[in-house]
Each structure stands twice: as structure tokens, then as C-alpha cells.
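1. The amino acid sequence is not available; the structure is as follows:
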């Protein structure tokens, strides 16, 4: 197990969901497998377990639109479920959620409102980190 998460204290054991997406014009279907591998490697090294029933995927879907992304819609519904189903969401990078910063921050805010963390693994961004993009203060406004 990793001694720390991106230079911070280690995470307590956490149940995780994961989200993957590829778009037709810039990626191949194999990209989903690579994104899942990145998330699973992170989980294995950081005291996390990805719950297979909470893996969400959107294939051949643009990141510029949120409408019609069944995987993202299902993840958002699961986030709103009480009691919570998982503690953290793992995503390869922010562009998998959206291309628009406002959409990404809106998603992060939804997670924060439900006391669920998020890690964008390839970018070393985590909602538990003090210095992450200043989004903690942005999302509290």
C-alpha cells in the first residue's frame, strides 16, 4: 500500500465507484479498459476497493454534452442514494467527466454535498487534498 496519497496522509479504507468514458472522435474503445486499469491500480495502492457494481461507463459519448450519458446519469443517481453506497469516485482525469470546467465543478459539488470524495487519478487531483485547484473553496460558494 502507498504510504500517502499524492504526498498527503494515507486514505482510510474507502469503498469506491469508478467512471470511464471515451468519445468517438479522439479515442478507441480500448481507452475504457486503460482508464479502468489506472483507477484499479490507484485503488490497490491506496487502501481503496472499487465495487464492481458501481463501475459506470459511457462509450462513444462526447464530453461536451452531459445529456444522454447513461453511465454518468446512473452515477449521479447513485451519489444521491441514502445511505451512501460508496465513499469516493475514481476517474482517470477531469475530461472524462466533462470538457467544461463549470460542469466539472458542478459534479464535484454534488459529491461534496453527499460527503463523497473524488480522485482524478492521472492528474493527481483529490478532493481530500488541501491544495487541489482551490476547488474546495470554489465548491463551497
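-> Alright, I've got the coordinates. Predicted model only: the values in this text are computed from it and were never measured.
2. Can you give the contact residues for the longest strand belonging to the chain?
-> The residue-count maximum for a strand in the chain (DSSP state E) belongs to strand 48-58. For strand 48-58, contacts defined as Cβ atoms under 8 Å, 6 or more residues apart in numbering pick out 11, 13-22, 32, 36, 39-40, 42-43, 69-72, 74-75, 78, 85-86, 88, 90. For glycine as for every other residue, the C-beta is placed from the backbone atoms N, C-alpha and C.
3. next one: stretch 75-90
-> Applying Cβ under 8 Å, 6+ apart, the contact partners of stretch 75-90 are 11, 14-19, 39, 42-43, 48, 50-51, 54, 56, 107, 110-111, 114-119, 121.
4. Which among those count as buried?
-> Burial by neighbour count, judged by 16 or more other Cβ atoms under 10 Å, picks out 11, 14, 16-19, 39, 42-43, 48, 50, 54, 56, 107, 110-111, 116-119, 121 from these.
5. Return the distance of residue 15 relative to residue 103.
-> Residue 15 is 25 Å from residue 103, where distance means Cβ to Cβ, to the nearest Å.
6. Alright, that wraps it up for me.
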